[in-house]
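>>> sequence and predicted structure below; questions after.
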Amino acid sequence: MATTTRTTTKTRATAALQKRTPAKKSAAPRQQDAIALLRADHKKVTELFAQYEKTPSMSKKVSLITDICTELSVHAQLEEEIFYPAVKAALKDKELVPEATVEHATLKDLIAQVEGITPDGEMFDAKIKVMSEYVKHHVKEEQNEMFPKAKATRLDMQALGADILARKEVLLAERG
């Protein structure tokens, strides 16, 4: 009986590994690159904000707010746990990463004000507008300052990208 359980556990583990291995091999290297992944997140959130601004549908707004809050929360956590510490160490940075971390704190506060709440008029829309503008500012700084400096280091962006992807799967699964 114990042998059967061990064999089944090994079989499941082997199957899980085999499922993951082809995905890594078939994925384009750029998809694994940390900066490319973070840029893709930036683009996705920007598109979600644009959709929010255009839609008159209350149910669509609720759905978009859920998506925006999820994307921003997961993205910020990925940066804070994986990307920022690596960049800070590589650059011996005492400005870019701390500033970005403070910006994340403000963004998290805005998320807390709108997440799970039904849009209820102009004040809610104003919060979303401010959040959108804040994200645009943050993204611009990352893409124009932090990312180029990070690329110029010896950081393994492929390995960081793989770490980000793996962690993102876990965080998204936790959020449902």
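Sure thing, it's come through.
>>> phi and psi next, for the residue lying closest to Leu78 once chain neighbours are set aside.
Of all residues not flanking Leu78 in the chain, Ile164 sits nearest, at 5.2 Å (C-beta to C-beta, 6 or more residues apart in numbering). Every C-beta, even on glycine, is put in place using the N, C-alpha and C of the backbone. Backbone geometry at Ile164, expressed as degrees, to the nearest 10, gives phi -60, psi -50.
>>> what do you get for the one 4 residues further on?
Its backbone dihedrals place Lys168 at phi -60, psi -40, with angles given as degrees, to the nearest 10.
>>> separation between the residue most central in space within the chain and Val130?
Nearest to the mean C-alpha position of the chain, counting by C-alpha atoms, centre = their mean, stands His75 at 2.1 Å. Going from His75 to Val130 by C-beta to C-beta, to the nearest Å gives 18 Å.
>>> so Phe83 touches Ala159, yeah?
No: applying C-beta atoms under 8 Å as the test, Phe83 and Ala159 come out as separate, 11.7 Å apart.
>>> ok, these two, which is more surrounded?
A count of neighbours by other C-beta atoms under 10 Å puts Phe83 above the other of Phe83 and Ala159, at 27 against 12.
>>> could I get the contacting residues of the more buried one?
34, 38, 150, 160, 164 (C-beta atoms under 8 Å, 6 or more residues apart in numbering).
>>> got the domain ranges for the protein?
Per automatic domain parsing, the structural domains of the chain span 1-28, 33-175.
>>> out of these, deepest packed?
Highest mean neighbour count of the domains of the chain: domain 33-175, a mean of 16 (counted as mean count of other C-beta atoms under 10 Å).
>>> returning to what we had before: need the contacts of Phe83 in TSV (columns: pLDDT, distance to His137 and secondary structure).
Shown next, in TSV, are those (pLDDT from 0 to 100; distance: C-beta to C-beta, whole Å; DSSP: H, G, I helix; E, B strand; the rest coil):
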residue	pLDDT	distance to His137	secondary structure
Ala34	97	21	helix
Leu38	97	16	helix
Ala150	96	19	helix
Leu160	97	24	helix
Ile164	97	22	helix
